[in-house]
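Peer 1: sequence below, structure please.
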Amino acid sequence: MTIQKLGIGSDFPRIVLKDIDNNSITIPNDIKSKYCILLFIRGAW
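Peer 2: Here you go, the predicted structure:
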């Protein structure tokens, strides 16, 4: 897997995640607004 930085105006890569209820969400397809803030919290609990 190659990792590339996003540039200004780049399309966000398609990512499928599970929420706390084990439902799938696809980013950016399921985001309905122009702007979105994603927080990834790495936990060890």
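Peer 1: tell me the pLDDT of Arg14.
Peer 2: What the model reports as pLDDT for Arg14 is 90.
Peer 1: so it sits against Asn29, correct?
Peer 2: Yes. The pair Arg14 / Asn29 is scored as a contact, 6.9 Å apart, by C-beta atoms under 8 Å. Every residue, glycine included, has its C-beta placed from N, CA and C.
Peer 1: what is the mean pLDDT for stretch 3-10?
Peer 2: Mean predicted confidence for stretch 3-10 is 83.
Peer 1: alpha carbons only: can I get it in CSV?
Peer 2: In CSV, the C-alpha atoms belonging to stretch 3-10 read as follows (Å, rounded to 0.1, in the frame of the first residue of the first chain):
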residue,chain,number,x,y,z
ILE,A,3,0.7,6.4,1.0
GLN,A,4,0.3,9.7,-0.7
LYS,A,5,-0.4,13.2,0.8
LEU,A,6,-3.5,14.9,-0.2
GLY,A,7,-2.9,18.1,-2.1
ILE,A,8,-5.1,21.2,-2.3
GLY,A,9,-8.1,20.3,-4.5
SER,A,10,-7.3,16.5,-4.3
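Peer 1: what's the closest non-adjacent residue to the residue most central in space within the chain?
Peer 2: Central residue of the chain (C-alpha atoms, centre = their mean): Ile27, 4.7 Å from the mean position. Using C-beta to C-beta, 6 or more residues apart in numbering and skipping the chain neighbours, the partner closest in space to Ile27 is Ile15 (4.8 Å).
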